[in-house]
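Chemist: could you look at this predicted model? Sequence included:
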Amino acid sequence: MPVSSPVHVASRVHRFTYAIRNIVAEARKVEATGRSVQYLNIGDPIPFGFSTPPALVEAVARAERDGYNGYVPSPGITEAREAVAADWSRQGFPADVDRVLITAGTSEGIELALTALVDPGDAVLVPLPTYPLYTAVLAKIGAEASYYRKDPSNGWQPDLDHIASLITPRTRALVVIDPNNPTGAVYPDATRRALIDLAERHGLVLLADEVYGDLAYDGPVKPMGSLSPDASIISFSSLSKAYLAPGWRCGWMVVGRSSRLDDLLAAIKKLADGRLCANGPSQYAIGPALLGDRAHQESFRAALRTRAELTVSALNAIPGMTCVSPAGAFYAMPQVALGPGATDERYILEMLRATGVLCVYGSGFGMPASDGFFRVVFLASPADLTTIYASIDTFTRSFLRA
Ligand SMILES: Cc1ncc(COP(=O)(O)O)c(C=O)c1O
């Protein structure tokens, strides 16, 4: 008689949550009732009409046509690594080609680095609210996320005293996301320096998530490592956001020149060998992207600024709602003054069912559920956003009255 009970699922999966995608199951149920859904949950510019620069598409297509379809070296093809090293060095974070790895998106780089760095029971300082991949990977490893506060009344800037108070002998790294998802904040140089100093004083590795570095509305932000090239910093970025190619899963990490990072770099390379290589053909676009024409970024930044301004003024006009102005990327994190007992998840799910608009509740980014935060992805056209915010307005008024 064959066994019929469900196959055991590893316990680590129960600790792993990823609200940005998990919530889509709810949206599908709403669609099954015949109502269309506006997906403001994932930061992907492509479904909203933004397109990958044709020169990059051609570079990948050419590589495929020319037969570059085999495995590539596990740290990446030389020309892509050279382009990253040249671009990061140009921006003031001197990078040796040998310390650059091409990864399947920023995501794989983050996972490789955390896996090489953190033991079960160790802790990593993670911003609150956070991009949830960090906590998901730490849960998988069996390590702990120590959440440090960012302050919405201070433009979502990190609270340095709070970070310092969380550091223990088990703390291994400080994650800094700048420009930030989910808040849209961009940190001034003085804050970035203070974060680096704090990490250095405590011997922590600073994991700098710089995937939105080119998307600050006032112009590109340099890698944090440019402020302190000898600090123990690893920088992560990709073609996903600023080069409009998230589906290519093409990113990189730059390991700073500090010799303190040498063993960690060797460990990351060892782990990277195990997955053979990152996606091959898309690596051929890295050179043209980083060393070629970036005109598309200027119009993208302008489009984002327009949408950010529209978002902030529409949401702040809703009674009971406040929204801090983003300075980069395509996210805002408004707060709604929920009544006693209400949760952000209930607010968002009821909004989905009432309006067909899908946002992600703040507790999916680690915030307390009763605080009423949620994240909006504002990549839709200004006309669509205006309609969407009008329906959020109507819904929120009735939700808060109920
Ligand atoms: C802060 C942050 N880091 C990393 C990622 C993952 O990006 P990638 O597509 O490069 O893996 C995202 C994607 O939304 C992000 O917002």
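Modeler: Yep, it's here.
Chemist: what does the chain put close to the ligand?
Modeler: The chain comes close to the ligand at residues 43, 105-107, 131, 177, 181, 209, 211, 238, 240, 246, 251, as judged by CB under 6 Å from any ligand atom. The way it works is simple: take the backbone N, C-alpha and C, and place the C-beta from them, glycine included.
Chemist: and S153, how many neighbours?
Modeler: By other CB atoms under 10 Å, 8 other residues sit near S153.
Chemist: distance check, it against the ligand.
Modeler: 22 Å (CB to the nearest ligand atom, to the nearest Å).
Chemist: ok, now L215?
Modeler: L215 is 11 Å from the ligand, by CB to the nearest ligand atom.
Chemist: isn't that residue right next to N180, touching?
Modeler: No - contact between L215 and N180 fails when scored by CB atoms under 8 Å: they sit 11.0 Å apart.
Chemist: which neighbours do the two share?
Modeler: Counting by CB atoms under 8 Å, 6 or more residues apart in numbering, the common neighbours of L215 and N180 are G328, A329.
Chemist: now, the residues of the chain next to the ligand that are in strands?
Modeler: Mapping the residues of the chain next to the ligand onto strands (DSSP state E) picks out I177, D209, S238, G251.
Chemist: of L215 and N180, who's got more company?
Modeler: Here L215 and N180 are compared on neighbour count by other CB under 10 Å; more neighbours surround N180, at 27 against 23.
Chemist: which ones are touching that one?
Modeler: P127, K150, W156, V186, Y187, Y212, G328, A329, Y331.
Chemist: how about those in JSON lines, adding secondary structure?
Modeler: Shown next, in JSON lines, are the contacts of N180 (DSSP: H, G, I helix; E, B strand; the rest coil):
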{"residue": "P127", "secondary structure": "strand"}
{"residue": "K150", "secondary structure": "strand"}
{"residue": "W156", "secondary structure": "coil"}
{"residue": "V186", "secondary structure": "coil"}
{"residue": "Y187", "secondary structure": "coil"}
{"residue": "Y212", "secondary structure": "coil"}
{"residue": "G328", "secondary structure": "strand"}
{"residue": "A329", "secondary structure": "coil"}
{"residue": "Y331", "secondary structure": "strand"}
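Chemist: number of residues surrounding the closest residue to T311 other than its chain neighbours?
Modeler: Of all residues not flanking T311 in the chain, F378 sits nearest, at 4.6 Å (CB to CB, 6 or more residues apart in numbering). Counted with other CB under 10 Å, residues neighbouring F378 total 28.
Chemist: and F378, how far from I388?
Modeler: Distance check for F378 against I388: by CB to CB, to the nearest Å, it reads 9 Å.
Chemist: ok, L352 next?
Modeler: Separation of L352 from I388 (CB to CB): 12 Å.
Chemist: for I177, same thing?
Modeler: In terms of CB to CB, I177 sits 25 Å off from I388.
Chemist: between the two, tell me which one has more neighbours.
Modeler: Remark: of I177 and I388, I177 carries more neighbours, 26 against 21, as counted by other CB under 10 Å.
Chemist: and that one, what is it in contact with?
Modeler: Here I177 is in contact with P127, T130, Y131, D209 (criterion: CB under 8 Å, 6+ apart).
Chemist: residues in contact with A289?
Modeler: Taking CB under 8 Å, 6+ apart as the criterion, A289 is in contact with P53, L56, A83, L239, Y243.
Chemist: in helices, which of those appear?
Modeler: L56, A83 (DSSP state H).
Chemist: nearest to N279 among the contacts of A289?
Modeler: Of all those, L239 has the smallest distance to N279: 10.5 Å, by CB to CB.
Chemist: per-residue confidence at that closest one?
Modeler: If you check L239, the pLDDT there is 98.
Chemist: surely it and N279 touch.
Modeler: No - between L239 and N279 there is no contact under CB under 8 Å: 10.5 Å.
Chemist: how about the helices of the stretch 201-350 of the chain, start to end?
Modeler: 262-274, 286-291, 295-316, 344-355 (DSSP state H, counting those that start in this stretch).
Chemist: no further questions, thank you.
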